[in-house]
Each structure stands twice: as C-alpha cells, then as structure tokens.
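Novice: got a structure for you, letters missing:
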C-alpha cells in the first residue's frame, strides 16, 4: 500500500471516531491495508454493533460500507491529495450471512470508476474464514478538492 494512502485513511478514521456525529459509531474500525482507491479494514463485532439476535446489525453493515468506501475515495489520489467527500447518491446492500458477536470481520472497499462528479465503489464484508457476509455498492457525488 502507498504509505500516504494508509496514513490518510487511518487519520480520517481516527478523526471520525472522535466526532460527536453518527460517524463515531465506526470508532472500533482499524485500517489494516490499502493503496489509492482501495482500503481494507477490520473490526470485532461487539454488542453495540448487534441486533436483538446477537449478530451484526444490517444498518451497521451499511454504515461500514458507506464510511469505508468513502475512505477509499478520499485517499484515492496518487499524489496524496485529499478528495473531499460529497453525498451518497445510491447505496445498495446484499446480506448473505450473519456475523455473530465476537467475530472479527474484514471490510474491503474499492473504487470501480471515478468520473468528474460521481464515484462508483464496491465493498465486501467477510469473516476470518473468508465467507462473504455482505456486499455493498455505493455511488457518491464528490465534493471536490479542498480550496487552498
């Protein structure tokens, strides 16, 4: 992984964890690998992430896909510059298998296509056995580059 992309993704995840907004729900996510346009994270499923059946809540899974694909977008520039996040245009989830409390999951996000204003991404949530638990597709309208 390009070290600047990993560093940026880790920094952004730490920033989100400290906010008072909804995004802080991802505070237990750890960035483990990446390169421009690709981020791989891990998280242990804990009680706060679960539904009444003791498995990872579908809304939490969608939030992970939303936030981690956004990390892939924000750290996608080869020159290390930040891409400002815009707004979600479409988020589609397919849930294939449950993740029980105590299980470590891996979330891998990739950019499929980056246009002038829209970015198309995909993410896969899997367990340590390699079973695919969920797949998400996320389209985001971009906010542009920060003004100097």
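Specialist: That came through fine. Keep in mind that what you see is a predicted model, and the values were worked out from it rather than measured.
Novice: how about low-confidence regions in this protein?
Specialist: Along the chain, the model assigns pLDDT under 70 to residues 1-3, 5, 144-148.
Novice: That one: strands as residue ranges?
Specialist: 30-35, 38-44, 87-95, 104-114, 118-127, 132-141 (DSSP state E).
Novice: Could you check how far residue 135 is from residue 104?
Specialist: 18 Å (Cβ to Cβ, to the nearest Å). From N, CA and C alone the C-beta is placed, and that goes for glycine too.
Novice: More neighbours: the two, which one.
Specialist: residue 135 (16 against 12; other Cβ atoms under 10 Å).
Novice: Now tabulate the strands of the chain in CSV and tack on distance to residue 24.
Specialist: Output for those, formatted as CSV (distance: least, Cβ to Cβ, whole Å):
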stretch, distance to residue 24
strand 30-35, 15
strand 38-44, 14
strand 87-95, 18
strand 104-114, 17
strand 118-127, 20
strand 132-141, 20
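Novice: Nearest to residue 4 among these would be which one?
Specialist: strand 30-35 (9.8 Å; Cβ to Cβ).
Novice: contacting residues around that closest one?
Specialist: 1-2, 5-6, 9-10, 13, 39-43, 71-72, 75, 106 (Cβ atoms under 8 Å, 6 or more residues apart in numbering).
Novice: Name the strands paired with it and say parallel or antiparallel.
Specialist: strand 38-44 (antiparallel) (DSSP bridges).
Novice: between the strand it pairs with and strand 118-127, how big is the angle?
Specialist: With axes from the mean of the first three to the mean of the last three Cα atoms, to 10 degrees defining the directions, strand 38-44 sits at 40 degrees from strand 118-127.
Novice: quick one on the thing from earlier: any idea which of the contacts of strand 30-35 has the most stuff around it?
Specialist: Neighbour-wise, the contacts of strand 30-35 (other Cβ under 10 Å) top out at residue 39, 35 neighbours.
Novice: surely that one meets residue 71?
Specialist: Yes: with contact defined as Cβ atoms under 8 Å, residue 39 counts as touching residue 71 (4.8 Å).
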